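Peer 1: Quick check, what structure comes out for this input:
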Amino acid sequence: MLSPAARRLASVNPNHLSIASLFFAFLAGVFFTFEPEYFILLAALMVAANGLLDALDGKVARLKPVESKRGDFVDHVIDRYADVFILAGIALGAHCSVFVGLFAMIGVLLASYMGTQAQALGLKRMYRGVLGRADRLALLIVIPIVQYCLMVFDVALAEDLLGYSLIGWMMLYFGIAGNITAVQRAHLIWKTLP
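Peer 2: Numbers count the residues shown, from 1 in each chain. Sure, this is the predicted structure:
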């Protein structure tokens with residue numbers, strides 16, 4: 001599905017697409033901190049732009065072809081900063097506690113670290129586990145939109161579902177599933193090592 005867009009962007013340096021994706025992640029984080037409910041829609045839109053550009057940078061690199069280890073490194077570094085910007089924005093906003101936000105960030109970063117640690121040890125990059133980046137991005141787009149709709153229609157679940165908003169529950173899930181994914185990947189790496 002991304003091939004036509006990637007072909008149109010063939011003259012663009014893939015690293016520039018990665019940097020643009022980071023800018024949208026930063027904006028998503030900023031919008032998640034704002035109070036009026038319509039800002040979570042803007043945040044979801046920025047997450048979608050981040051995810052699209054993140055998918056396109058590799059596709060463009062392969063089409064050109066200018067795929068390289070440096071490009072892969074830039075992509076992974078920018079992805080981690082994007083995760084931090086988005087999750088920190090949610091943690092600093094009104095949708096979850098800072099502690100739940102920190103728990104989510106630890107889970108997400110450790111899961112990602114274990115994936116790249118496999119590669120550093122000479123194994124294939126590890127993508128297995130219950131929470132991958134594509135899953136997170138999908139949830140970071142859908143859940144804020146659902147949260148917004150619940151708030152607009154004044155549904156009681158919007159702000160308090162056993163003490164958390166839907167976005168708060170999503171962050172709690174990121175913390176739990178991210179840490180489970182990190183442990184799963186660590187176990188698989190350990191079994192694969194000679």
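
Peer 1: can you give me the helices in the protein?
Peer 2: 3-8, 14-33, 38-63, 69-92, 98-120, 133-152, 166-192 (DSSP state H).

Peer 1: May I see the ones you listed organised as JSON lines, with distance to Tyr127 added?
Peer 2: The way it works is simple: take the backbone N, C-alpha and C, and place the C-beta from them, glycine included. Shown next, in JSON lines, are the helices of the chain (distance: least, Cβ to Cβ, whole Å):
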{"stretch": "helix 3-8", "distance to Tyr127": "21"}
{"stretch": "helix 14-33", "distance to Tyr127": "19"}
{"stretch": "helix 38-63", "distance to Tyr127": "14"}
{"stretch": "helix 69-92", "distance to Tyr127": "12"}
{"stretch": "helix 98-120", "distance to Tyr127": "6"}
{"stretch": "helix 133-152", "distance to Tyr127": "9"}
{"stretch": "helix 166-192", "distance to Tyr127": "9"}
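
Peer 1: For those helices, give me a markdown table that also has mean pLDDT and mean neighbour count.
Peer 2: Formatted as a markdown table, the helices of the chain follow (pLDDT from 0 to 100; neighbours: other Cβ atoms under 10 Å):
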| stretch | mean pLDDT | mean neighbour count |
| --- | --- | --- |
| helix 3-8 | 84 | 12 |
| helix 14-33 | 96 | 21 |
| helix 38-63 | 93 | 21 |
| helix 69-92 | 93 | 19 |
| helix 98-120 | 93 | 19 |
| helix 133-152 | 92 | 18 |
| helix 166-192 | 94 | 19 |
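
Peer 1: so Leu17 touches Lys59, yeah?
Peer 2: No: at 9.2 Å, Leu17 does not count as touching Lys59 under the criterion of Cβ atoms under 8 Å.

Peer 1: hey, what's in contact with both of those two?
Peer 2: In the contact map built from Cβ atoms under 8 Å, 6 or more residues apart in numbering, no residue is linked to both Leu17 and Lys59.

Peer 1: For the closest residue to Ser68 other than its chain neighbours, give me its contacts.
Peer 2: The spatially closest residue to Ser68, leaving aside those adjacent along the chain, is Ala61, at 7.6 Å (Cβ to Cβ, 6 or more residues apart in numbering). Neighbour list for Ala61: Pro14, Glu67, Ser68, Gly71 [criterion: Cβ under 8 Å, 6+ apart].

Peer 1: at 10 Å instead, please
Peer 2: Contacts here follow Cβ atoms under 10 Å, 6 or more residues apart in numbering; on that basis Ala61 touches Ala6, Asn13, Pro14, Asn15, Leu17, Ser18, Glu67, Ser68, Gly71, Asp72, Asp75.

Peer 1: Nearest residue to the fifth one in space, please, no chain neighbours.
Peer 2: Meaning Leu17. Closest residue in space to Leu17, ignoring its immediate chain neighbours: Asp57 at 4.0 Å, by Cβ to Cβ, 6+ apart.

Peer 1: next one: the fourth one
Peer 2: The spatially closest residue to Asn15, leaving aside those adjacent along the chain, is Val74, at 5.3 Å (Cβ to Cβ, 6+ apart).
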